[in-house]
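>>> Sequence first, then the predicted structure, then my questions.
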Amino acid sequence: MVEQSEETRGGTATIERTETTQSVEAGDHERFAHYVQKDKIMESALSGEPVIALCGKVWTPGRDPKKFPVCPECKEIYESLMG
């Protein structure tokens, strides 16, 4: 019979897993690219006036929207409008 040291013996261990959930909190609208009418974006660029996204967010565009994921609310509204 072959003896096993404590290092090579099988055993059990508990691995704790941290669950991550994504909830919508204040400021989350800042992390998304939003859908706005193209003519309103150009108008805002010239006048400095804020625009209103499909989801209701009001802001003055200034960042590259390609660097952010699309707002899920705007996407859902847009898709329902397009049929």
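Perfect, I can see it now.
>>> For this structure, which segments are assigned as strands?
51-52, 58-59 (DSSP state E).
>>> what's the most buried one of those strands?
Highest mean neighbour count among these (mean count of other C-beta atoms under 10 Å): strand 51-52, with a mean of 15. In short, each C-beta sits where N, CA and C put it, glycine included.
>>> in stretch 54-74, what counts as buried?
54, 55, 57, 61, 71, 73, 74 (16 or more other C-beta atoms under 10 Å).
>>> Make a markdown table from these and add distance to residue 42 and pLDDT to it.
Below are those laid out as a markdown table (distance: C-beta to C-beta, whole Å; pLDDT from 0 to 100):
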| residue | distance to residue 42 | pLDDT |
| --- | --- | --- |
| 54 | 17 | 95 |
| 55 | 20 | 95 |
| 57 | 18 | 94 |
| 61 | 10 | 87 |
| 71 | 20 | 95 |
| 73 | 23 | 95 |
| 74 | 18 | 95 |
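>>> My understanding was that residue 59 contacts residue 49; is that so?
No. The pair residue 59 / residue 49 is not scored as a contact, 10.8 Å apart, by C-beta atoms under 8 Å.
>>> still on that earlier bit, pick out the shakiest of the strands of the chain, pLDDT-wise.
With a mean of 92, strand 58-59 has the lowest mean pLDDT of the strands of the chain.
>>> Tell me the neighbouring strands of that one, and mark each as parallel or antiparallel.
Applying DSSP bridges, strand 58-59 is found paired with strand 51-52 (antiparallel).
>>> Need the distance between the two termini of stretch 52-71.
The first and last residues of stretch 52-71 sit 13 Å apart, counting by C-alpha to C-alpha, to the nearest Å.
>>> Over to stretch 46-53?
18 Å.
>>> Tally up the residues packed near residue 44, please.
Residue 44 has 17 neighbours, counted by other C-beta atoms under 10 Å.
>>> ok now do it, which residues does it touch?
By C-beta atoms under 8 Å, 6 or more residues apart in numbering, the contact set of residue 44 is 50, 51, 60, 61.
>>> Give me the neighbour count for the closest residue to residue 75 other than its chain neighbours.
Excluding its sequence neighbours, the residue lying closest to residue 75 (C-beta to C-beta, 6 or more residues apart in numbering) is residue 35, at 7.3 Å. If you count neighbours by other C-beta under 10 Å, residue 35 ends up with 18.
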